[in-house]
Each structure stands twice: as structure tokens, then as C-alpha cells.
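Undergrad: predicted model and sequence follow; I will ask about them next.
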Amino acid sequence: MQTQTITQKLANPTFFMNLSAKILPWLSSFAAILIIYGLTLGFATPPDYQQGQTVKIMFIHVPAAWLSMMAYGLIAVSSFGLLVFRHPLADVSAKAAAPIGAVFTLIALVTGSLWGKPTWGTYWQWDARMTSVLILFFLYLGLMALRSSIEEESLASKLTAVLALTGIVILPVIKFSVNWWNTLHQPAGVLKGGLDPVFLKPLLFSAVGFSLLFFALHMKGMRNEIIRRRVKARQLKEVDRAARAHGVEA
Amino acid sequence: MKLVVENLRLERGARAIVADLTFAVASGEALLLTGANGAGKSTLLRALAGLFTPASGTIRLDGLYSEATVTENCHFIGHHNGLKSSLTATENLSFWSNYLGTTGASRVATALDRMQLASLEAIPAAYMSAGQKRRLGLARLLVAERPVWLLDEPTVSLDQASARLLGDLVNAHVASGGIAIAATHLPLGLTNARELRLTAPLRTSEAAP
Amino acid sequence: MKLVVENLRLERGARAIVADLTFAVASGEALLLTGANGAGKSTLLRALAGLFTPASGTIRLDGLYSEATVTENCHFIGHHNGLKSSLTATENLSFWSNYLGTTGASRVATALDRMQLASLEAIPAAYMSAGQKRRLGLARLLVAERPVWLLDEPTVSLDQASARLLGDLVNAHVASGGIAIAATHLPLGLTNARELRLTAPLRTSEAAP
Amino acid sequence: MMQSFLALVRRDLGLAVREGGAVGTALGFYLIVVTMLPLGLGPDLKQLGRIAPGMLWIALLLAALLSLARIFESDDEDGSLDVLATGSLPLEAVAAAKSLAHWISTGIPLTLLAPLLGLLLNLDLDAYLPLVATMLVGTPAISFLGAVGAALTLKARRGGLLIALLVLPLFIPTLIFGISAVTSIMLDTGGSRAAFLILSAISLGSLVIGPIASAAALRLQLQ
Amino acid sequence: MMQSFLALVRRDLGLAVREGGAVGTALGFYLIVVTMLPLGLGPDLKQLGRIAPGMLWIALLLAALLSLARIFESDDEDGSLDVLATGSLPLEAVAAAKSLAHWISTGIPLTLLAPLLGLLLNLDLDAYLPLVATMLVGTPAISFLGAVGAALTLKARRGGLLIALLVLPLFIPTLIFGISAVTSIMLDTGGSRAAFLILSAISLGSLVIGPIASAAALRLQLQ
Ligand code: HEM
Ligand SMILES: Nc1ncnc2c1ncn2[C@@H]1O[C@H](COP(=O)(O)OP(=O)(O)OP(=O)(O)O)[C@@H](O)[C@H]1O
Ligand SMILES: Nc1ncnc2c1ncn2[C@@H]1O[C@H](COP(=O)(O)OP(=O)(O)OP(=O)(O)O)[C@@H](O)[C@H]1O
Ligand SMILES: [Mg+2]
Ligand SMILES: [Mg+2]
């Protein structure tokens, strides 16, 4: 029951606007603090015995990489919410998440290839993980392109949702590509004690910080979108007044 | 047989085009949808044909067979004619008659005849005039038996003779126990037709997030 | 000013659509093109607008300025409205007014007003109904001064009120010394309009490509 | 049901031939792209033969892709889609029928052209058979998944390009395994069988997912 | 005259942006094709860098090509073309305006994306400048000649592919000289200047021929 009412409340845009207005400042400042702290810690760490200073890229690369996948997950969930439950905020969330996710994916790609130069001697390698992340980036592009290319918005959002759900197969591929194909890229091990605590602590801090940043951006994006839609709705009302005014004369 | 619409609500974007509309059309009846431009005639017809999903309300077809849907039992004639410009009149029609589930070249021939297109049967649709195309589109009504006819401005670009022809067709269909619903700005010359005048309801766009 | 057509012959494929047709329309006159479907109204209008090249015969515009062509002095309203669905009513119209060589936002605003589209000015054409789109297409007549109006079935999908509105516009244009030629199947309610009834010349559909 | 399905497939095949050799165009495009690649990569390239399978696959993908827009577009513009939707055939079957027609009218001809183009790129002799085989099992995925793209972009002007953007990522697995199946036979480094099986799996999956997703998209478009 | 011309160019640019980032789609397609090529040619390929210019040129050609259908299509469908033809602007100027808009909205962005994609293919450092330069002078030919194809295929459904088929051959000179201009600088085997000049000559020629031919084709279509 309790949850029921909560979801209902959250479904109400006005409530969301008020709530987010309160939360947003806190969220963003926390994000800033954590990121700064994490990165300063990170840059204080001793050079890695194999990778030297370049290891510091990790503190950006890994969080970005994680978030790139999490963002897509969020989009998929929102799309599901839109198609199945017709949740009014679901689409707003999906739309707002796409560009942010794309940016994080891009960051993962760029930092990754910057890291690749010293470690593998090349910026780019067509190995399974990089390729699959690249595909993820393309999917983000596709989502945005499709949405932007259809005039009627309600239609655009539903179609984008269909695409998002069809494309979800990519996530497992990314996650496990390193295990399926043998590649240059490290397998996931950070959280399984595969990493020296000296590196782990700052990594976790920046990871949490970036996640908060993501949510802050996402919330901001949703707010803008909602405002834009209210303006649009007001415009459309005009059409009706026109139709009715005209109908009266007819 | 009876087509029943109960407190139907149609929304476009965030706006209500039609709000709690309720009516019924029994077999042997014709219904004219009228109303100013933008009143919602086309939208309503698409909803009846099952192409446009209502925000709420029900659309039933009673007394034909259990769970008969309007969609499977209607002819929908929209703004476009559903013709392939590279196919001849005959080819276009016979495809539809096959697809809509009735075979019989004879039917196609007679349909063309009744729409006075017999002389164009071997001519690709691309070479036809606006009205000829429209007539060919309407000929679809004759190649497959379907009890419910949904017509959106069927007389567009028809000359008087053809318009009268169409009126007779609809009358015959209705007389033989069919249902016809037509959106139009001009009288179709139907014998027993009720009129449903759509006026834009008071609308609130609050539904938008 | 006078639009003169001398023994004009229009062919489609191998068939003569219009054979030695001769007529003239002086300024202050309106001409209604009538005729059955396929009689050749659209083809003739396209020929007058200079979009369709005649097989033989001449189309002149006398007494305006030396070598004035109809093409540059006509508004052509065809079956389609020439609207970009992603542009708003205002954007669509002001493009045409710029392109057709007259500037002035005022014009656009008044045009929208006279077509009773003022309240739709900021709405993309995609969101408009068939009739609203048609009205917006017709508004083009008002944003640029052009003496000759060529209208192909202008009232398609207009409701009565709008149809009357159009009739008044054409009357005003003609009264102010313009020329209007309209292909139509319905009376437009024009005051002094002659009628030219097109009848297909003897034609063999075997000749068709 | 079956009658309608067949009628639809037959009509689409007929149109593909009638409407100015859509097939021919796809083949021509394939031919041109393949002949263009050596221009770009430099004819002196010795191992042209080695990368031939890859180039043939990519070019085929592009050619097939660009013909996808055709699947639903014209039916939507001329109002046929509305009527098709009111037929007794469920929309999924309609999508399936049209995808099938597309595969027959595009996928198969392209596959049959590939070996001939292989000659241009002096493809290894023992690569011809696996190439054709992999393409035969691979191309259905292109038509059936591609149909989803076509359905999604129906109301979006600028079909071709957008479709490509949407579905190319989905094809990359097909591409990877298609190529690796061939090359691993050429350089006989085993694993070709595995790749071949995965390829077929992808195609079978797309036969199911494709029509469902397409139908969902179409329903939304018909609104 | 001039006012109409500018109004038309401005509208087309506006639409290119408004109608759902036509630009973005072309860029996306370019990106995907370029990344697909290495997949096909095998990642291990050491001299990826050497053939990079060629791949970048070909992919750009394809991306630009597929966006050509857009030039006249929508104006024809919605009846704008009829009205444009009755304007004071000669049809040649109309064609020129629309080709120009296409170049600005597609040719230039693609050219600017090329160097970034060069990174993916680890292109030689000293190739970047010539690459961009040659593309800048080469791409107008694509838009202005491509417009002819677009005009010719107006009434034939299935734009993209057919256009490609018609105009790709016309572009092969552009392609050859564009690539050789870059490679000859990379491997500094002179002659780059000559190639560059020829390239510009081709573009200038197309600026003249393109609009005339397009207008002729459009007149026939308007019948
Ligand atoms: C463009 C190239 C690269 C891409 C696209 C990429 C992508 C990714 C992705 C998606 C993850 C998340 C994996 C997971 O959560 O399971 C990840 C994690 C990681 N990446 Fe990269 N990466 C790239 C290059 C590199 C390089 C060059 C290195 C260093 C040699 C590197 C080191 C790591 C490490 C240590 C992790 C954490 C693994 C874990 O989850 O425990 N990456 N990368
Ligand atoms: N695709 C669409 N997206 C959003 N709104 C639309 C769409 N099509 C129509 N509308 C709006 O829905 C309302 C009803 O449109 P509809 O086409 O049903 O009216 P109509 O009665 O058919 O008018 P007409 O007589 O001009 O055909 C109009 O106000 C129109 O602005
Ligand atoms: N594109 C075309 N190619 C060949 N023949 C055509 C073409 N368009 C029309 N026709 C033929 O030309 C004749 C005249 O067509 P037109 O469209 O001018 O008639 P219309 O008077 O406008 O008819 P309607 O009242 O139906 O619009 C018709 O017989 C038609 O078959
Ligand atoms: Mg309507
Ligand atoms: Mg006509």
C-alpha cells in the first residue's frame, strides 16, 4: 500500500518538480565533493609498478564505463515503464538519460583509448570490449536520432522505447565480452579484491561521486524536459481553441 | 448486428479530441459524421477501424459472432486510396480481394464495371486522374463482403455522377443490412442516415506531464 | 490584362486529353473548369501554370508587361498544399511570402487572420487536420500579389464555413481586377463566373502506354 | 490467413520486379561499392584476397540495408498499410510476409552475386562455398531485423540513413561471425563451425523478434 | 531573385536541422561505416593507417550519397516543388539553392568529422590537413552532381539506392584524385598539387553542370 501511494506520488510531475527542486542542490554539491576528494586521493597514489602514472586514468575511466552501462539500463527500465505502465515520467526519464549516457560512454571510450596507448601501444584495438562499447555508443546515437526525427512526440517516445528494449541485448555482451573472447582488456576484478586498496578507495569515491553527478544531471534534464512539455501543451491548447472557435462559426 | 461505442475518449498528443462519446449504429443504418475542420472526424473513424487506440471507452460489434471486432469486419476508406501506382486497376483490385479473403476474378470485373472503370482496367493507377483513383479505391468496397463501411470524405474529387453512384452503393449496402459511417462535409444523398455532429469538447491539456 | 489560350492540345502518354481548346479570360473574370473525372481539368491547370508542356497551341498573358508569362504571375494551388509539416503556420507562410517575392510579416499575420488560423500560428503543420492544412495552403494566395489564381479543387476537405470564406476571397480578388480559374465539382459561390465544361475528346484507351 | 499471407508475399515480389528493378538497383550498388573499395584501399594491396570476405560482407550489408526503407514506406504513403491492418492477418504476420519478400527479392540475389564479385577481388578458391553458405544463413537476419528499423522510421523523413544508423549496430554480430566463419576456413584455424552455428542462431532469433518488434512499431505508427 | 534564393537556402538549412537532425544521422552513418570497415578487414591489419584515407573517403561518399534522396523528395511529395517552379526564380537557381543547402548541411559536417574518425584508424599525423582540404573542395561535387541523380529518381520510389547507382560512377574521379592527393602527401610522392587542382576543377564543373541537368530533370518530373 505504502509503496503504491509513493509510486503514485512520484508519477505526479508537479510532485516531482517540487521534490527535485529541493534535492538537486544537495545532490550536485555532494557529487562535486566526492569527485574532487576521490580524484585528489587518486592522484596522491603512488605510480603503479606496471603502468606508472597512467593508472590514474582509471579513476575516470572505470566509473565512466560503469555509468555508460547503468545509463542504458535506466533507459531500458524507463522504456518498459512507458510501454507497459504508461508512466508519465518514464518517458521524460528515458529521454533525459540518453544524451548523458552517451557522454559517459564517450568518456569511457576516450579515456580507455588514451589509456590504451601507453599500455597496449595503440589508441584503438578492435577487441571485443571496445567494439561492444562502441556499439553501445551507436545505440545511444540511434535512440537520439530516432526520437529527434519524428514530429509527433508521443509517437517518437514510444518508438524510441521499442528500440531501446530491442537493443538491450548489448549490455550482457559488453559485460561478459572480456570473458567470452580473450581480449587485451582486463576482466572485471576490481570489486573482487583484484585491486590494491590504495587504488580501490579513491576509485570507489570517484565512482560514487560520478554516479551522483549522473543522477544530478539526469534530474536536471528531466526538469527541463517537463518544463518544455508544459509550454508545448499550452501551444496545443491553442489548436483546440481554434478548432472550437472555428466550429462555432461553422 | 450493432456497432456500439461507449463513453469513448480520444486523445492526440495531450489533447482530448473526442470526450465521452456514446452512440450505437444498428445494421440497416447509416451515420454521417459532420463537424468543422479539426472536429475529430478522421480520428474517430480511425479509432473505429481499430487503427487509433482510444484513451478510454469501448468499441464493440454486437450480434455478429462472439468476439467479432470492428477491425476484421470493416472496410476503411481513408484519405489515401491504397493503390500501387505501378499496378493496373485489375491488379490492384484483385490483390485486395485475395488479401481481404475473397477470391473470384468475376467479382473484380463486376466491381470495376460498377465503378465505371471497366475501360481503365489495364491502365496503371499512376496514369489515372484524382477522381479515377478515388473510384478505384472505392471499388475495394465491392470485392470483399464486409458488414461495416467506414468512409472518410469518400466523395473527395469525385464528379457529381460518381458521387451519386457512391450514394447508391452505400444505400444498397445499408438496405442489405450493412452499417455505414461516413465523415463528410457534403450531403451524400443517403436515404435513412442519422447525423452525428462532432464539436470539439472542452479540453484540458493537464494530462501532459 | 487577359489570359489567352489558343487551340491548345494536351497529350498524356499517347492520348489527347484536351484537343484544340481556345478561350480567353479577361481581368475581372472568373472561370470554372468543370467536367467528369479524367476530363483534363488538372492537366489543363498545370499547363496554364507552365508545369505541363502542351503538345501544341499557345498560352499568353496579354497587357500586363511585355513577355509576361502566366507562370511568374500565377498562384497555383494543386492537390497538395506545399506545407512543411515540421514548420509552424507562420514559418510556412513567411517562407512563401519571401520566396514569392514580397516581404512583410504583417502580411503573413493578416493572411493567417483572414483564413481564421491566427490561433494556430505557432503550431507545426503536422498537428493540423486535413481542412486546417488546406486553409493554410490557401493562405498563400494572400501573402503574395499575383494577378492569376489557378485553383485545383480548392474546397477539398473544407467545411462549409471555410468554403464560403474561400468563395469570398476569390470574389474579392476578381473584383479587384484579378483572374481566377478553378477546377471544381461543386459550386464555389462566385458572383460573375463563366463555366468551361471539359469533355474528353474521342480517346482510345488502347493508346495508353 | 495463409491465402492472405501468400497474396501479400506475391504482391511484394511482383512490385519489387515491376517497380523498376529494385533488385537490379541493389545488385548494381553492391557491384559498384565492391569495385570502389580497391580504388580506396589501393589496388597494389597484395592481400586483397585476404580481406575479400570482409569487403564482400560489408558491401552486401550496405546494399541490403539501403533497400530496407522500401519495405513499409510505400504501403504507408499510399494508405495500403491501413487496409492491410484491417485484414484478417495479424500485423505480425504482415511484417513477416513483407520481411520474407524482402529477403527473397534482395538477400538471395545479393548472396548469389557475391561469388562473382569474389572473382574481382581474387578470393581464395576454397572460400567461395563457405562465403555463400554463411551469407545464405546470415541474410535473413538483415531482412527481419532490418524490417524493425524500417517500421521504426516510417514516419521519419529521411528513411535510408536513419534506418542504417538504427540497425547497423544490430548487424555487427552477424558481420563478425559471418566473416570469421569464412576466414577461419580460409586460414583453416578451426572454430568456423561454431561461428556458423552462432550465425544461424542469430538469424533464427531475428525471425522471431523481428516481426514482433516491427508489428509493435507499426501499430504505434498507424495511430 | 537573390531574396528568393536566400530564402530557399535558409529554409532548407532550417529543415535539415529541424527535421530531426538529418545532419546527425549522416554523421552517425559515417561513423558506423568507418568503424565497420576494420571489423571486416580484420583488426590485426597493421597498415590500417595506410588505407585510412581511402576508407574515410569512401565512407564519406556513401554517407553523403544516401542523404541525397532528401534534396527534392519531400518538396515533391508535399507539392512545394510545383510552387517553387512558379516562382520568379528559374528552376536552375532552385536546384542550385537546394544543392548548396545540402552541401552546407551535409558535406561540411562530414568533412569536419573525418579527422576524428582518422583517429580510430590511426591515420598519419601529416595526412589530416590534406584530408580535410581535399574533402572541402571535393564534397561540393557530391552535392551538385548528386542533385541530378535525386532529380532523375524523383518519381521512382526507392530513392537512395537508385540515386547511388546513378551517381556513384560520376564520383569515382573525385574519389581517385581525392585519395591520391592525400596519399601522395603522406608518402610524399609529389603530384599531390596536380591531383588537388583536378579535384577543384571537377567541383567547379559540377557547380555549373549540376543545376542545369537537375533543372532539366525536374521539368520532366513536374509534367
Ligand atoms: C577504448 C577502450 C576501452 C573501453 C571501451 C573500455 C571499456 C570498459 C568497460 C565497459 C568497463 C566496465 C567493465 C565491467 O564493469 O565489467 C571497463 C572497466 C575497466 N577498464 Fe576499460 N576500456 C577500455 C580501455 C581500457 C584500458 C586501455 C585499460 C587499462 C589497461 C582499461 C582498464 C580497465 C579496468 C582496470 C577496468 C575495471 C575492471 C573491473 O570492472 O574490475 N580499460 N572498461
Ligand atoms: N497527427 C496528429 N497529431 C496531433 N494532432 C493531430 C494530428 N492529426 C490531427 N490532429 C488534431 O486532431 C484534431 C482532429 O483532427 P481530425 O483530422 O480528426 O479532424 P477532422 O474532423 O478530420 O478535420 P477535417 O474535416 O479537416 O478532416 C485537430 O484539432 C488536429 O489539429
Ligand atoms: N501522370 C499521368 N500520366 C498519364 N496520364 C495521366 C496522368 N495523370 C492523368 N492522366 C490522364 O489524363 C486524363 C486527365 O487527367 P486529369 O487529372 O487532368 O483529369 P481531371 O479533370 O483533373 O480529373 P479529376 O476531376 O478526377 O481530377 C485522365 O484520363 C487521366 O487518366
Ligand atoms: Mg479528416
Ligand atoms: Mg484533378
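TA: The structure has been received and is ready for your questions. Ligands and ions are numbered 1, 2, ... in the order given.
Undergrad: find the closest residue to ligand 4 in chain B.
TA: Going by C-beta to the ion, ligand 4 is nearest to residue B:42 of chain B, at 3.1 Å. Placement of C-beta: from N, CA and C, glycine included.
Undergrad: next up, the contacts around residue D:83.
TA: Contact analysis of residue D:83 by C-beta atoms under 8 Å, 6 or more residues apart in numbering or on different chains lists B:76, B:82, B:96, B:99, B:100, B:140.
Undergrad: quick one: name whatever helix or strand follows whichever helix or strand it is part of.
TA: Assigned by DSSP states H and E, residue D:83 belongs to helix D:80-85. Using DSSP H and E, the helix or strand that follows helix D:80-85 in sequence is helix D:91-102.
Undergrad: one step back: can you report how many residues lie near the residue of chain B closest to ligand 4?
TA: Look at residue B:42: counted by other C-beta atoms under 10 Å in any protein chain shown, it has 21 neighbours.
Undergrad: please report how far residue B:130 lies from chain C.
TA: 6 Å (C-beta to the nearest C-beta, to the nearest Å).
Undergrad: what does residue D:170 give?
TA: With C-beta to the nearest C-beta as the criterion, residue D:170 and chain C are 28 Å apart.
Undergrad: the contacts of residue D:83 in helices, which ones?
TA: Assignment to helices by DSSP state H places the following of these there: B:96, B:99, B:140.
Undergrad: tabulate the residues you listed (CSV), appending distance to residue B:15 and neighbour count.
TA: Converted to CSV, these look like this (distance: C-beta to C-beta, whole Å; neighbours: other C-beta atoms under 10 Å in any protein chain shown):
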residue, distance to residue B:15, neighbour count
B:96, 34, 26
B:99, 35, 24
B:140, 32, 23
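Undergrad: can you name the residue of chain D nearest ligand 2?
TA: Relative to ligand 2, the nearest point of chain D is residue D:223 (7.5 Å; C-beta to the nearest ligand atom).
Undergrad: burial measure for that residue, as a count.
TA: 16.
Undergrad: try residue B:166
TA: Neighbours of residue B:166 under the rule other C-beta under 10 Å: 23.
Undergrad: hmm, residue B:156 and it touching each other?
TA: No. Contact criterion C-beta atoms under 8 Å: residue B:166 and residue B:156 do not qualify, at 10.8 Å.
Undergrad: intersection of neighbour lists for those two?
TA: Joint contacts of residue B:166 and residue B:156 (C-beta under 8 Å, 6+ apart) do not exist.
Undergrad: now the helix holding residue D:83: average pLDDT?
TA: Average pLDDT, helix D:80-85: 92.
Undergrad: same thing with stretch A:32-48?
TA: pLDDT averaged over stretch A:32-48 gives 83.
Undergrad: how about it and ligand 1, touching?
TA: No. Using C-beta under 6 Å from any ligand atom, stretch A:32-48 never reaches ligand 1; the gap is at least 10.1 Å.
Undergrad: what's next to that stretch, contact-wise?
TA: A:53-56, A:58-60, A:198-199, A:201-210, A:212-213.
Undergrad: what's the PyMOL line that selects buried ones from those?
TA: Buried residues within the contacts of stretch A:32-48, by 16 or more other C-beta atoms under 10 Å in any protein chain shown, are selected in PyMOL with:
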select buried, chain A and resi 54+55+56+58+59+60+199+202+203+204+205+206+207+208+209+210+212+213
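Undergrad: and chain D, which of the contacts of stretch A:32-48 reach it?
TA: Applying C-beta under 8 Å from any C-beta of the partner chain, the subset of these adjacent to chain D is empty.
Undergrad: in helices, which of the contacts of stretch A:32-48 fall?
TA: Counting by DSSP H, the part of these found in helices is A:58-60, A:198-199, A:201-210, A:212-213.
Undergrad: interface residues of chain B facing ligand 4?
TA: Those residues of chain B that sit near ligand 4, judged by C-beta under 5 Å from the ion, are residue B:42.
Undergrad: quick check: the gap between the residue nearest to the residue of chain D closest to ligand 2 when sequence neighbours are not counted and residue D:219.
TA: Among residues not flanking residue D:223 along the chain, residue B:52 sits closest, at 5.3 Å (C-beta to C-beta, 6 or more residues apart in numbering or on different chains). Distance from residue B:52 to residue D:219, counting by C-beta to C-beta, to the nearest Å: 10 Å.
Undergrad: picking that back up, hmm, the residue of chain D closest to ligand 2 is touching residue B:50, no?
TA: No. In this structure, residue D:223 is not within contact of residue B:50 by C-beta under 8 Å, at 11.2 Å.
Undergrad: where does the nearest residue to residue A:207 once chain neighbours are set aside fall, secondary structure wise?
TA: Among residues not flanking residue A:207 along the chain, residue A:63 sits closest, at 4.2 Å (C-beta to C-beta, 6+ apart). For residue A:63, the host element (DSSP H and E) is helix A:58-80.
Undergrad: quick one: buried residues of that helix?
TA: For helix A:58-80, using 16+ other C-beta under 10 Å, the buried residues are A:58-72, A:74-80.
Undergrad: again, but for stretch B:176-193
TA: In stretch B:176-193, counting by 16+ other C-beta under 10 Å, buried: B:178, B:179, B:180, B:181, B:182, B:183, B:184, B:185, B:186, B:188, B:190, B:193.
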